[in-house]
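Novice: Pasted the sequence and its predicted model underneath.
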Amino acid sequence: MQVVRTLILSLLALPLLMLAQSEEGIPVTDQLVLAKCAACHPVDEHGNMQRISWERATPEGWEEALKRMIRANRVTLTPPEARAIVKYLSASHGLAPEESKRVMYYVERRIQDETNMANEKLLDSCAKCHALGRVLSWRRSTADWLEFAEAHLARYQLKLDGENIDFLGKTAPLHSPEWSAWSARAHPPELTGRWLVTAHVPGRGFFYGDMDVQPGDNDGEFLTRVSLASVRDGSTIVRTGHNVVYAGYEWRGRSKGGAPSSQAPDDLASEARETMWISPDGQHAEGRWFWGQYQEFGFDVQMRKATPDPTLLLVDVAALKIGSKDTRIRLLGDRFPINLKLRDLSFGSGVAVRRIVSSTASEIVAEVDVAIDASLGKRDVAVRSSVLPGALAIYDRLDYLKVTPESSMAAFGGEGYPRGFQQFEAIGFQRGADGRSHTADDLELGPLDATWSIEVFYEVDGSKRDLVGTVSPTGFFTPAADSPNTNYDIWVIATAKNERNKNGAPLVGKGYVVVTVPTYTFNGRKYVRDLDRWIEDGSATR
C-alpha cells in the first residue's frame, strides 16, 4: 500500500518534476560543509550538493536540519563546527530580507492568523502539525518540494498532492527576484555603535533608550548593552547580551538584566531570546525579545542607528479628543535642540501647540489644543525634520474595547513543569471613516484602565473557576499550579473603569483563552541542546 501511495503521488507530480529538473542549483563552496555533508549529499560536476543546493532556509531551518542529521545519521560535529555550518548556509543558502520578513512572526513566537497565507488544502495538510510559517521558512526547487512531500508521506502518512506542490513551488521557490537581487548586493552592514531603541511590553507600556553594540570574539558576533526607561513611571532596565547576525540581517541571541529582582515569571530582568530583522541598509531593526515556558513574555522592539540629528522616538499620548484643551504631551527622543520654538513642533492639522512647558535633549513637554472641528484620524508628529508617522489619533468618541491578545493559550503547572501565563491589555478603539466598528479603518486609541474577571465556558456554578486560575487587577492571568488533566475554555473580560458607550453602559471586551495541560517535553541529549544555544548566541558549553 505504501508503494502504491508513493507511486500515485509521483505520477500526480510528474509534470512538475520534469519542469523542475532544469532548475539551476546553488553550488556549495564551504569546505567544512563539503567535508561533513558530502558523504550523504554527493557533489556533482557543477559543485551542487544533493538536496542542499536546491534548498534555502532561515537560520532556524538550517539548525533543525542539522540537528536531524545528528540524531538520525549520527553526524559528528563540535558546537563551533555546527555554528559555522549554520552561518554559511544561512548566508549562501538563506532567504532574502524581503522573504524572511514574511515569516519573522514564526521565529519571534508570535500568535499569527495564517488563514490568508495559503490555500485551504495546504492549511489542512501542514497546519495540522505545525505553523505554516515553518513551511514557508524554506525555499526549494519544485523537485525538492516533491521529495519533501514523498518523505512526509513515507514518515507521517501525510499526503501533499500535486496542487499543493505546485502552490509551494510558486509561493516558496528556490529562485526568486528577491533572492537574485539580494545575492548581488548582500554585504555585512556596520552594526557597531549606538542604536536608539523603543520597546513595548504588554501590561507595562512603552520603554525607550539606547543600545551600545560592540564586536564579539568572532565575525558576525556582537556584545550589546541596552538601557531603557519606562514612559509610564521612569523606571530603568539595563540588559546585556551576546548576539550572532546571520546573512547580514538575521539577528539572533540572548540577553538578560542583572539578578532578577523577583521570582515573578514576567520579571523584565529575565533572560530572553532576541530575534530581530535588520533592514537591508543596516539602519533599522525590529523584532521580539521573549522568554517564558511558552515564550509568552516579551519586548516588541524597534531600533534605529543613532545619528547627530534630532530623533523623535515616542509620544506618551496615543490619542486626543476633539475639543480638548491644555493637554500635556511628552515627546521622547534623542538630541533634541535647545531653545525650541512653537513652530518647531507639529501635531498635524487641527492641533495647536499652546506652549512648550520644558525641553531637554531627550524630552519635550508641550501643551496642545485640539479644534472641535478637527478631522478624525491619524496624525504625524514632528520635531523639526524628525517625523513620527501616525503617532497620534484624533477621535470624537470611544466606541469599543478590545482585549489583546484576542485568542491565546495558557498552561497549568505540574511537577517539574512551570506554568504558562498570559498578560492581557484593554485597548480602546474609535470607529473609522466608514462609521462601522470592527473594520480595517478603525482607530486604535491606546490602553484603557479596566477591571478584570474570568468566565469559564459551560460553567454551572463557580466551582470550576478555582480550578482554572485567576486574573490580576492589571490583566495578568495565572493558571492553577496543579493540572486537573483537562482543558478549559474561558473568557478573560475587561470592563473599562472610566469609558462608556453611546448608551451610557461601560465598555466591555473579551479575550478567548484555552487553559490546557503542560507540554511534557523530553530535552534530549545535552549536545543537541547546545546547538540551540549556538544558533541563539554561541554560549553553548565547550
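Specialist: Okay, I see it.

Novice: Low-confidence stretches in the stretch 1-150 of the chain?
Specialist: Within the stretch 1-150 of the chain, the stretches with pLDDT under 70 are 1-22.

Novice: residue ranges of the strands in it, please?
Specialist: In chain order, the stretch 1-150 of the chain shows strands spanning 55-57, 138-140, with DSSP state E, counting those that start in this stretch as the criterion.

Novice: ditto for the stretch 151-300 of the chain
Specialist: For the stretch 151-300 of the chain, the strands defined by DSSP E, counting those that start in this stretch cover 193-201, 205-215, 221-230, 236-246, 250-256, 272-278, 284-291, 297-305.

Novice: Mind checking the ones you listed for the one nearest to Asp44?
Specialist: When these are ranked by proximity to Asp44, the top entry is strand 236-246, at 26.7 Å, counting by Cβ to Cβ. Using the backbone N, CA and C atoms, a C-beta is placed for each residue, glycine as well.

Novice: Just want the phi and psi numbers for Thr58.
Specialist: The phi/psi pair for Thr58 (degrees, to the nearest 10) reads phi -70, psi 170.

Novice: what about the closest residue in space to it that isn't next to it in sequence, neighbour count?
Specialist: Ranked by Cβ to Cβ, 6 or more residues apart in numbering and with sequence neighbours excluded, the top spatial neighbour of Thr58 is Ser137, at 4.6 Å. For Ser137, the neighbour count with other Cβ atoms under 10 Å is 25.

Novice: So which residues of the stretch 351-500 of the chain form strands?
Specialist: Per DSSP E, counting those that start in this stretch, the stretch 351-500 of the chain carries strands over the ranges 351-359, 363-370, 377-383, 386-395, 400-404, 407-411, 422-423, 425-430, 443-447, 450-456, 469-471, 476-479, 488-500.

Novice: picking up where we left off before, mean neighbour count, mean pLDDT and distance to Gln422 for the strands of the stretch 151-300 of the chain - can I get that in TSV?
Specialist: Formatted as TSV, the entries for these read as follows, by neighbours: other Cβ atoms under 10 Å; pLDDT from 0 to 100; distance: least, Cβ to Cβ, whole Å:
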stretch	mean neighbour count	mean pLDDT	distance to Gln422
strand 193-201	18	98	14
strand 205-215	18	97	17
strand 221-230	18	97	21
strand 236-246	19	95	22
strand 250-256	22	95	22
strand 272-278	23	97	17
strand 284-291	21	97	13
strand 297-305	21	97	9
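
Novice: right, and the strands of the stretch 1-150 of the chain - which one's nearest Gly298?
Specialist: Distances from Gly298 to each of the strands of the stretch 1-150 of the chain were compared using Cβ to Cβ; the shortest belongs to strand 55-57, at 23.7 Å.

Novice: okay if I get the strands of the stretch 1-150 of the chain as CSV plus distance to Pro79 and mean neighbour count?
Specialist: Below are the strands of the stretch 1-150 of the chain laid out as CSV (distance: least, Cβ to Cβ, whole Å; neighbours: other Cβ atoms under 10 Å):
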stretch, distance to Pro79, mean neighbour count
strand 55-57, 20, 24
strand 138-140, 24, 24
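
Novice: any idea how far Asp44 is from Ala91?
Specialist: Taking Cβ to Cβ, to the nearest Å as the measure, Ala91 falls 22 Å from Asp44.

Novice: How about Pro59?
Specialist: Pro59 sits at a distance of 26 Å from Asp44 (criterion: Cβ to Cβ).

Novice: Would you mind telling me which of those two has the busier surroundings?
Specialist: For Pro59 versus Asp44, the count of surrounding residues by other Cβ under 10 Å is larger for Pro59: 27 against 11.

Novice: thought the more buried one was touching Leu95?
Specialist: No - look at Pro59 against Leu95 with Cβ atoms under 8 Å: they stay out of range, at 9.6 Å.

Novice: anything in contact with each of the two?
Specialist: Ala247 (Cβ atoms under 8 Å, 6 or more residues apart in numbering).

Novice: Let me see the domain layout of the chain.
Specialist: 2-185, 193-305, 311-395, 400-516 (automatic domain parsing).

Novice: list the contacts for the residue nearest to Thr58?
Specialist: With contact taken as Cβ under 8 Å, 6+ apart, Ser137 is in contact with 57-58, 60-61, 95, 103, 106-107.

Novice: In helices, which of these fall?
Specialist: Members of the contacts of Ser137 lying in helices (criterion: DSSP state H): 60-61, 106-107.

Novice: Which one of the residues you listed is nearest to Arg500?
Specialist: Out of these, the one with the shortest distance to Arg500 is Tyr106. That distance is 40.0 Å, counting by Cβ to Cβ.

Novice: ok, back up a step: dump the contacts of Ser137 to CSV, plus distance to Glu120.
Specialist: Converted to CSV, these look like this (distance: Cβ to Cβ, whole Å):
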residue, distance to Glu120
Ala57, 25
Thr58, 25
Glu60, 26
Gly61, 25
Leu95, 25
Val103, 20
Tyr106, 20
Val107, 25
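
Novice: Any quick PyMOL command for the buried ones out of these?
Specialist: Below is the selection syntax for PyMOL that covers the buried ones among those, with 16 or more other Cβ atoms under 10 Å defining burial:
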select buried, resi 57+58+60+61+95+103+106+107
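
Novice: quick one: which of the strands of the stretch 351-500 of the chain is nearest Asp309?
Specialist: Evaluated with Cβ to Cβ, the strands of the stretch 351-500 of the chain place strand 386-395 nearest to Asp309, the distance being 6.9 Å.

Novice: Only the buried residues of that closest one, if you could.
Specialist: 386, 388, 391-395.

Novice: Could you point out which of the residues you listed is nearest to Ala411?
Specialist: Using Cβ to Cβ, those come closest to Ala411 at Ala393, 35.6 Å.

Novice: Could you tell me which residues make contact with the closest one?
Specialist: Contacts were defined as Cβ under 8 Å, 6+ apart; by that measure Ala393 touches 318-320, 377-379, 430, 443-446.

Novice: Now which of those would you call buried?
Specialist: Members of these that pass the buried threshold by neighbour count (16+ other Cβ under 10 Å) are listed as 318-320, 377, 379, 430, 443-445.

Novice: Please tabulate those in JSON lines, including the columns distance to Lys128 and pLDDT.
Specialist: Below are the buried ones among the contacts of Ala393 laid out as JSON lines (distance: Cβ to Cβ, whole Å; pLDDT from 0 to 100):
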{"residue": "Ala318", "distance to Lys128": "39", "pLDDT": "95"}
{"residue": "Ala319", "distance to Lys128": "41", "pLDDT": "96"}
{"residue": "Leu320", "distance to Lys128": "47", "pLDDT": "97"}
{"residue": "Gly377", "distance to Lys128": "42", "pLDDT": "93"}
{"residue": "Arg379", "distance to Lys128": "45", "pLDDT": "94"}
{"residue": "Gln430", "distance to Lys128": "39", "pLDDT": "94"}
{"residue": "Leu443", "distance to Lys128": "37", "pLDDT": "95"}
{"residue": "Glu444", "distance to Lys128": "33", "pLDDT": "96"}
{"residue": "Leu445", "distance to Lys128": "38", "pLDDT": "96"}
